[in-house]
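Trainee: Sequence and computational prediction follow.
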Amino acid sequence: MGGGYGRRRLRRHDALALQITARTLFDTEVTPEIHVINDQVNVIMDLYNYLVAMPRAELLLNSPLPQMRRFRRAKAMLDAAVDSMIRAHRSEAALAKSPVSRNAAICSPCSCCLATRKATV
């Protein structure tokens, strides 16, 4: 069994565990954004030992070392995915508060939206 096969198998198991967790704990499906977050967190965690073993690693974050470039790229993609999800959630919450959408069930039932709907009903 080669290393490539083992990594692919681990990724499939990670994806399956992520889907089970999302459905069981949050009653939701895994979206492409969640896959991006999962992948980038894995990249960052793969670099964890390198960053911890490196003395004063924070001084090297902007260096051209391949590990630091991977870390910066993963962090930027992670930040972009999370920011996108936050913006989408806020816009859904704003729609739920608008008078036009109060009667229409546009927003998914999240805690902030449920609180808004209970307050307006």
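Mentor: That came through, no problem.
Trainee: mind checking how far L47 is from L61?
Mentor: Distance from L47 to L61, counting by CB to CB, to the nearest Å: 11 Å. C-beta: built from backbone N, CA, C; applies to glycine.
Trainee: Can you tell me the SS state at E29?
Mentor: coil (DSSP: H, G, I helix; E, B strand; the rest coil).
Trainee: So for it, what pLDDT did the model give?
Mentor: At E29, the predicted lDDT confidence score is 86.
Trainee: Surely it and T21 touch.
Mentor: No. Counting by CB atoms under 8 Å, E29 does not reach T21; the two are 11.7 Å apart.
Trainee: list residues touching both of L47 and L61?
Mentor: F71 (CB atoms under 8 Å, 6 or more residues apart in numbering).
Trainee: more crowded one of these two?
Mentor: L47 (17 against 12; other CB atoms under 10 Å).
Trainee: Of all residues in the chain, which one is nearest the centre?
Mentor: The structure's the chain has its C-alpha centroid closest to I37; by CA atoms, centre = their mean the separation is 3.3 Å.
Trainee: ok, and the closest non-adjacent residue to that one?
Mentor: A81 (5.1 Å; CB to CB, 6 or more residues apart in numbering).
Trainee: tell me what the helix or strand containing that neighbour is packed against?
Mentor: In this assignment (DSSP states H and E), A81 forms part of helix 66-97. Applying 3 or more CB pairs under 8 Å, 6 or more residues apart in numbering; DSSP states H and E, we find helix 66-97 packed against helix 32-46, helix 48-53, helix 111-120.
Trainee: Mind telling me which of the ones you listed the model trusts least?
Mentor: helix 111-120 (a mean of 49).
Trainee: Many thanks, I have nothing further to ask.
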